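> structural data only, the sequence is not supplied:
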Ligand SMILES: Nc1ncnc2c1ncn2[C@@H]1O[C@H](COP(=O)(O)OP(=O)(O)O)[C@@H](O)[C@H]1O
Ligand SMILES: [Mg+2]
């Protein structure tokens with residue numbers, strides 16, 4: 001397989017936004033809490049907070065959203081501004097390079113409006129410290145003049161809401177984290193929620209799809225709305241080319257198209273399967289240390305941990321134990337198409353051969369990394 005094909009396939013399964021996704025976003029992003037599918041506990045508590053803030057005529061508390069890419073953090077920031085009926089300024093931490101960038105933004109805030117900072121864990125120290133007093137006391141400390149005559153004046157700011165989003169809650173400094181009154185973790189979506197998201201997107205994009213078609217795409221979407229929406233478009237392309245006429249996407253179309261794109265029934269792509277196979281075939285199912293696995297896989301440890309492992313861990317195919325990575329029985333059964341009888345035989349044979357094939361039964365809480 002050429003590198004180009006692999007790259008294109010990964011564009012289908014990556015959780016990060018691609019250029020095509022960004023073009024799609026405006027059409028299908030939910031604008032209200034009612035349209036926002038899933039994350040029910042988060043929505044319930046958020047809607048109470050919004051309602052209360054509106055009744056008091058005040059800005060909403062500062063909110064932090066964290067969780068993997070593509071689960072709807074940016075969307076929620078826009079939904080909040082919309083529900084509060086207030087303007088929103090959006091930026092991302094890497095764009096706030098110089099202190100004057102964040103100062104400029106804060107000075108332009110209107111009462112009760114929203115400032116959204118994406119990737120907030122990447123904020124530099126100076127900008128972060130400017131935010132502390134802005135978030136807590138709604139003031140900005142500015143120094144005037146230079147040298148011995150320099151002095152600091154406090155500029156009052158209107159009450160605003162800072163919404164931060166991050167994929168790495170652990171990298172946020174404690175003083176910043178503590179200044180968020182509300183903080184929510186976003187979870188991967190259940191198949192029925194992805195189904196609802198797909199039916200909604202199909203309607204907005206004028207794509208004909210059956211319930212079973214949406215279900216089939218949802219199952220392979222890795223719990224991620226961004227991927228679900230992307231696969232929907234690719235399946236539509238496939239159906240148009242294969243069938244020449246406009247037909248509604250059904251489950252068979254979805255399966256054929258996604259098989260063709262090499263996305264399997266669990267949503268794994270070629271790279272995911274290669275990683276799991278490596279653990280089974282070169283390391284006897286594990287445990288294998290991160291460094292050894294990364295070397296064999298041909299990636300650095302950080303990329304392995306941040307890009308390739310999260311979904312496999314989340315879906316219980318790969319487990320992190322104190323002694324290293326281990327594949328689960330579910331992964332082996334899936335990779336080699338084995339039913340439970342066959343799995344028993346595999347284990348018996350490997351025992352007879354005196355080989356250790358370490359197959360974890362399933363994720364245990366104490367096995368999972370935080
Ligand atoms: N709960 C949801 N309901 C419907 N669509 C959603 C939901 N969450 C995300 N999406 C869709 O997925 C896409 C990616 O969401 P986004 O908010 O950009 O994710 P994040 O900021 O977490 O990376 C958006 O275009 C949006 O249409
Ligand atoms: Mg985002």
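Great, that's in hand. The structure displayed is predicted, hence computed values, not measured ones. Ligands and ions are numbered 1, 2, ... in the order given.

> who touches the nearest residue to residue 127 once chain neighbours are set aside in this structure?
In space, and not counting its chain neighbours, residue 127 is closest to residue 102: 4.4 Å by Cβ to Cβ, 6 or more residues apart in numbering. In short, each C-beta sits where N, CA and C put it, glycine included. Neighbouring residues of residue 102 by Cβ atoms under 8 Å, 6 or more residues apart in numbering: 96, 127, 130-131.

> and residue 104, how many neighbours?
11 (other Cβ atoms under 10 Å).

> quick one: secondary structure of it?
Residue 104 falls in the helix class when you classify it by DSSP: H, G, I helix; E, B strand; the rest coil.

> and it, what's its pLDDT?
Per-residue confidence at residue 104 stands at 93 (pLDDT).

> check the gap between the residue nearest to residue 127 and ligand 1 for me.
Using Cβ to the nearest ligand atom, to the nearest Å, residue 102 is found at 20 Å from ligand 1.

> flag every residue of this structure that's near ligand 1.
The chain comes close to ligand 1 at residues 25, 28-30, 36-39, 69-75, 165, 197, 225-226, 229, as judged by Cβ under 6 Å from any ligand atom.

> buried ones in whichever strand or helix holds residue 350?
Using DSSP states H and E, the secondary-structure element containing residue 350 is helix 340-352. For helix 340-352, a neighbour-count test (16 or more other Cβ atoms under 10 Å) marks 343, 346, 350 as buried.

> point me to the residue of this protein nearest ligand 1.
Sorted by distance to ligand 1 under Cβ to the nearest ligand atom, the residues of the chain start with residue 72, at 2.6 Å.

> hang on, isn't that residue packed against residue 39?
Yes - using Cβ atoms under 8 Å, residue 72 makes contact with residue 39 at a distance of 6.9 Å.

> so those two - more neighbours on which side?
When neighbours are counted by other Cβ under 10 Å, residue 72 and residue 39 differ, and residue 72 comes out ahead with 24 against 21.

> where does the prediction get shaky in the stretch 51-200 of the chain?
Nowhere does the stretch 51-200 of the chain drop to pLDDT under 70.

> so where do the helices sit in it?
With DSSP state H, counting those that start in this stretch as the criterion, the stretch 51-200 of the chain has helices at 73-84, 99-107, 125-137, 174-178, 191-205.

> buried set for the fourth one?
Residues of helix 174-178 classed as buried: 176-177 (neighbour count, 16+ other Cβ under 10 Å).

> returning to what we had before: what sits against the residue of the chain closest to ligand 1?
Contacts of residue 72 by Cβ under 8 Å, 6+ apart are 36, 39, 186, 225.

> if we use 10 Å, what do you get?
Contacts here follow Cβ atoms under 10 Å, 6 or more residues apart in numbering; on that basis residue 72 touches 29-30, 36-39, 42, 65, 79, 165, 186, 189, 197, 224-226.

> among the residues you listed, who's most crowded?
Neighbour counts for the contacts of residue 72 were taken using other Cβ under 10 Å; the highest belongs to residue 65, with 30 neighbours.

> for that one, give its distance to residue 280.
Distance from residue 65 to residue 280, counting by Cβ to Cβ, to the nearest Å: 36 Å.

> kindly report the same for residue 115.
From residue 115 to residue 280 the distance is 48 Å (Cβ to Cβ).

> now the helix holding residue 350: mean pLDDT?
Helix 340-352 comes out at a mean pLDDT of 81.

> show me what it packs onto, helices and strands only.
helix 329-336 (3 or more Cβ pairs under 10 Å, 6 or more residues apart in numbering; DSSP states H and E).

> which residues touch the helix it packs on?
Residues outside helix 329-336 that contact it (Cβ under 10 Å, 6+ apart) are 264-266, 268, 272-273, 275-277, 279-281, 285, 312, 315-319, 327-328, 338-340, 342-343, 346-347, 357, 359-363.

> buried ones among these?
Neighbour counting with 16+ other Cβ under 10 Å marks 266, 268, 272-273, 275-276, 279-280, 285, 312, 315-319, 327-328, 343, 346, 357, 359-360, 363 as buried within the contacts of helix 329-336.

> filter the contacts of helix 329-336 down to the ones in helices?
Judged by DSSP state H, the contacts of helix 329-336 include 272-273, 275-277, 279-281, 312, 340, 342-343, 346-347 as members of helices.

> JSON lines for the residues you listed, including distance to residue 88?
JSON lines is the format used below for those (distance: Cβ to Cβ, whole Å):
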{"residue": "272", "distance to residue 88": "36"}
{"residue": "273", "distance to residue 88": "41"}
{"residue": "275", "distance to residue 88": "39"}
{"residue": "276", "distance to residue 88": "41"}
{"residue": "277", "distance to residue 88": "45"}
{"residue": "279", "distance to residue 88": "44"}
{"residue": "280", "distance to residue 88": "48"}
{"residue": "281", "distance to residue 88": "50"}
{"residue": "312", "distance to residue 88": "35"}
{"residue": "340", "distance to residue 88": "52"}
{"residue": "342", "distance to residue 88": "54"}
{"residue": "343", "distance to residue 88": "52"}
{"residue": "346", "distance to residue 88": "54"}
{"residue": "347", "distance to residue 88": "55"}
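
> with that, I have no additional questions.
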